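*Asks:* Coordinates only, no sequence provided:
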């Protein structure tokens, strides 16, 4: 019989007073914004950008472009393996709520959006480098991402998830600068034109083990496509406002962290190759510390190894062997 892990959800409002919790990865988008002397101004400007983008996409019955605002809650998922109260910060995502100021309604948006995971850091920054050390060419272990994928799917399929969220998660990430994307004729009123990549990627394979498929869309007014990872049917399972809340949130983060792509002064054309050295872009007014991400990701991966993977190796191996992908 498969052991049942216990998931616990904690929620923290992302607003001007936000302070990262102890379990938050320091390279997470929203945590980076809340550091330094400019933290409050950073947070205020970020939230304003999100609201403005939401209203620019939700144009119907919104003549002054001020009908909606987006509230964000950081959802921290803790995993208790032995049922003794000792938990590990397994997953962190964002939950959007769209507030309609005309009707007073509060509309539940999507959970997911941003995706943060120490175990993913372990896989990409510890497992992969060690696997390829001394090898002539790059390769990936056969079981790469299996444990992470099973933990994520166990959470999404858990009673804890269904008690808190109505719909499966949608995660929105930036496109890869190692691939080329071609625009198709398929167009959605909110997601915009769909793009197709020239090849699959390790990230796509990794998320597939989490049970998620991916489609690439460039919303109206955006500078580049986004990768939308989802369960089910992305175009049919979610309302326009739910999708708008995610686009507004994640495009704002990407404009801050990937301005070369998402705050470029010219939009992607029919054939698009992202370039992180693209000089023709604008910077936001938001100040943040460009900490060396590779070093921090490695530190976070080692943290997962020392506090989660190694101490519970036998239990994780037994659970993973019984949990079908």
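*Replies:* That came through, no problem. On a predicted model such as this, the values are computed, not experimentally measured, just so you know.
*Asks:* So, low pLDDT: which residues of the chain?
*Replies:* Along the chain, the parts satisfying pLDDT under 70 run over 1-3, 21-32, 34-36, 287-295, 324-325.
*Asks:* what ranges do the helices span in it?
*Replies:* Shown for the chain, the helices assigned by DSSP state H span residues 29-33, 39-57, 118-122, 128-132, 146-156, 159-164, 202-209, 240-257, 259-262, 293-304, 313-322.
*Asks:* does the spatially closest residue to residue 107 that is not a sequence neighbour have beta-bridge partners, and which?
*Replies:* When the adjacent residues along the chain are set aside, residue 107 lies closest to residue 98, with 4.4 Å between them (C-beta to C-beta, 6 or more residues apart in numbering). The C-beta positions use only the backbone N, C-alpha and C, and glycine is treated the same way. Per DSSP bridges, the residues bridged to residue 98 are residue 70, residue 107.
*Asks:* returning to that earlier point: of all the helices of the chain, which one comes closest to residue 7?
*Replies:* Put simply, out of those the one that sits nearest residue 7 is helix 159-164, at 4.4 Å, with distance taken as C-beta to C-beta.
*Asks:* Need the residues that contact the closest one.
*Replies:* Applying C-beta atoms under 8 Å, 6 or more residues apart in numbering, the set of residues contacting helix 159-164 from outside is 7-9, 75, 111, 155.
*Asks:* Report the buried residues of stretch 41-61.
*Replies:* Of the residues in stretch 41-61, 42-43, 45-47, 49-51, 53-55, 57-58 count as buried by neighbour count, 16 or more other C-beta atoms under 10 Å.
*Asks:* Closest to residue 223 out of those residues?
*Replies:* Looking across the buried residues of stretch 41-61 and measuring by C-beta to C-beta, the closest to residue 223 is residue 53, at 12.2 Å.
*Asks:* so the closest one touches residue 251, yeah?
*Replies:* Yes: A contact is recorded between residue 53 and residue 251 when judged using C-beta atoms under 8 Å, the distance being 5.9 Å.
*Asks:* Columns distance to residue 81 on top of the helices of the chain, output as JSON lines?
*Replies:* Supplementary listing: the helices of the chain in JSON lines, determined by distance: least, C-beta to C-beta, whole Å:
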{"stretch": "helix 29-33", "distance to residue 81": "25"}
{"stretch": "helix 39-57", "distance to residue 81": "34"}
{"stretch": "helix 118-122", "distance to residue 81": "13"}
{"stretch": "helix 128-132", "distance to residue 81": "23"}
{"stretch": "helix 146-156", "distance to residue 81": "10"}
{"stretch": "helix 159-164", "distance to residue 81": "15"}
{"stretch": "helix 202-209", "distance to residue 81": "20"}
{"stretch": "helix 240-257", "distance to residue 81": "31"}
{"stretch": "helix 259-262", "distance to residue 81": "38"}
{"stretch": "helix 293-304", "distance to residue 81": "13"}
{"stretch": "helix 313-322", "distance to residue 81": "6"}
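*Asks:* For residue 190, which of the ones you listed is the nearest?
*Replies:* Taking C-beta to C-beta as the criterion, residue 190 comes closest to helix 240-257 out of those, the separation being 4.8 Å.
*Asks:* Run the angle between that closest one and helix 39-57 for me.
*Replies:* With axes from the mean of the first three to the mean of the last three C-alpha atoms, to 10 degrees applied, the angle from helix 240-257 to helix 39-57 works out at 140 degrees.
*Asks:* what packs against helix 240-257?
*Replies:* Packed against helix 240-257 by the contact rule (3 or more C-beta pairs under 8 Å, 6 or more residues apart in numbering; DSSP states H and E) you find helix 29-33, helix 39-57, strand 68-80, strand 87-100, strand 106-116, strand 170-174, strand 226-230, helix 259-262.
*Asks:* ok so, going back, just the buried ones from the contacts of helix 159-164?
*Replies:* The buried subset of the contacts of helix 159-164 (16+ other C-beta under 10 Å) comprises 7, 9, 75, 111, 155.
*Asks:* Now render these as CSV, adding distance to residue 279.
*Replies:* Conversion of those to CSV gives the following (distance: C-beta to C-beta, whole Å):
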residue, distance to residue 279
7, 45
9, 43
75, 37
111, 36
155, 41
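*Asks:* State the number of residues packed around residue 152.
*Replies:* Other residues within reach of residue 152 by the criterion other C-beta atoms under 10 Å amount to 24.
*Asks:* Just give the nearest non-adjacent residue to it, would you?
*Replies:* Among residues not flanking residue 152 along the chain, residue 210 sits closest, at 4.4 Å (C-beta to C-beta, 6+ apart).
*Asks:* how about residue 100, what does it touch?
*Replies:* The neighbourhood of residue 100, defined by C-beta under 8 Å, 6+ apart, consists of 67-68, 106-107.
*Asks:* hmm, which two among those are most spread apart?
*Replies:* Between any two of the contacts of residue 100 (C-beta to C-beta), the greatest distance is 13.4 Å, for 67 and 106.
*Asks:* what about these two, which has more around it?
*Replies:* The residue with more neighbours, out of residue 67 and residue 106 and counting by other C-beta under 10 Å, is residue 67; that gives 19 against 11.
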